[in-house]
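K.L.:
Curious how this folds, go ahead:
(one chain, ligands or ions: 1)
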Amino acid sequence: MTTTRVALVTGAAAGIGAACSIRLAKEGIAVGVLDLDEGRCAGTVREIEADGGKAVALGADVSDRVQVRAAVARLRDTFGPITILVNNAGVTDFTPFEDITEELLSFVYKVNVFGPIIVTQEILSDMKAEHWGRVVNISSSSAQTGSSKMAAYSSSKGAVISLTRTLAQELGPHGITVNTIPPGSITGTIMADENISEASKERLAATLPVRRVGRPEDIANACAFLCSEASSYVTAQVIGVNGGRVVT
Ligand SMILES: NC(=O)c1ccc[n+]([C@@H]2O[C@H](COP(=O)([O-])OP(=O)(O)OC[C@H]3O[C@@H](n4cnc5c(N)ncnc54)[C@H](O)[C@@H]3O)[C@@H](O)[C@H]2O)c1
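P.N.:
Residues are numbered from 1 along each chain as shown. Now for the predicted structure:
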């Protein structure tokens, strides 16, 4: 690889997205750190730059095509064509099935399903022009196993898994691989820490083959492989990173 690759990571102000951004930057990749609020991305950018890496903070709602288009243009103008995309931004929900409203469903699907579709569409021309691309979609182990009171969320993440398989078929001939990581029990993120108590984490760890809950860096390590040259024969795959919680 002679030129610097450029990646966009969504939902990168915190948690898994921040860890993926920092890990990709360590590989020499210039990173667009995108989240709802540009100011919140400053911490991730600072950490990358302090380590000698390159990053730019971008504010956009992934479900808003106009905002995404502007952010993508800024990243492209700053570092060049974008050939790596980590669709990580997501929202979760724990509403019992009978109480799910169309408004709630629409919100969850707009971020978790429309988001990755819109962002991928906006970047695709760069990947096709380079005849090289890596798309990593962060789904969820709840889509593999089902999860009580998570109908809106887990079904949206099931859509992300199906989207991954379909895009891998459609984009493979253009040199683009598309894979999905469904995380399981990753703590140290806003989403997990708001919803899982310390006692529950300990109980959960005791049930996992590896006897610990996951960290954002566990996802980032798998993500770095899927974004690398070394993964060129890996596409359409669901790469579980879950401490052994899910066996498929
Ligand atoms: N933590 C886990 O155990 C776990 C398990 C399964 C799946 N996941 C998935 O991993 C991804 C990251 O989760 P996390 O645990 O790091 O959560 P997190 O809440 O710490 O981070 C999610 C980030 O996405 C951003 N975001 C939300 N909506 C957005 C939008 N519309 N546009 C742009 N950014 C937006 C948030 O501001 C936040 O910074 C999510 O897709 C989540 O569904 C996490």
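K.L.:
Show the contacting residues for Ile219.
P.N.:
Neighbouring residues of Ile219 by C-beta atoms under 8 Å, 6 or more residues apart in numbering: 16, 19-20, 138, 181, 183, 186, 241. Placement of C-beta: from N, CA and C, glycine included.
K.L.:
What does the pLDDT read for it?
P.N.:
Confidence at Ile219, expressed as pLDDT, is 98.
K.L.:
host element of it?
P.N.:
Here Ile219, judged by DSSP states H and E, is contained in helix 216-226.
K.L.:
now swap in Val45 and tell me
P.N.:
Under the criterion of DSSP H and E, Val45 resides in helix 42-50.
K.L.:
what's next to that helix, contact-wise?
P.N.:
For helix 42-50, contacts defined as C-beta under 8 Å, 6+ apart pick out 12-14, 17-18, 21-22, 25, 31, 33, 54-57.
K.L.:
Dump the C-alpha coordinates for the worst-scoring helix or strand of the chain on mean pLDDT into PDB.
P.N.:
Between all helices and strands in the chain, the lowest mean by mean pLDDT, DSSP states H and E belongs to helix 190-195, at a mean of 88. Extracted in PDB, the C-alpha atoms of helix 190-195 (Å, rounded to 0.1, in the frame of the first residue of the first chain):
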ATOM      1  CA  ILE A 190     -22.500   4.400  26.700                       C
ATOM      2  CA  MET A 191     -25.100   1.900  25.400                       C
ATOM      3  CA  ALA A 192     -23.900  -0.900  27.600                       C
ATOM      4  CA  ASP A 193     -23.200   1.000  30.700                       C
ATOM      5  CA  GLU A 194     -26.600   2.700  30.700                       C
ATOM      6  CA  ASN A 195     -28.300  -0.600  30.400                       C
END
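K.L.:
helix or strand right after it?
P.N.:
Following helix 190-195 in sequence order, the next helix or strand is helix 198-207 (DSSP H and E).
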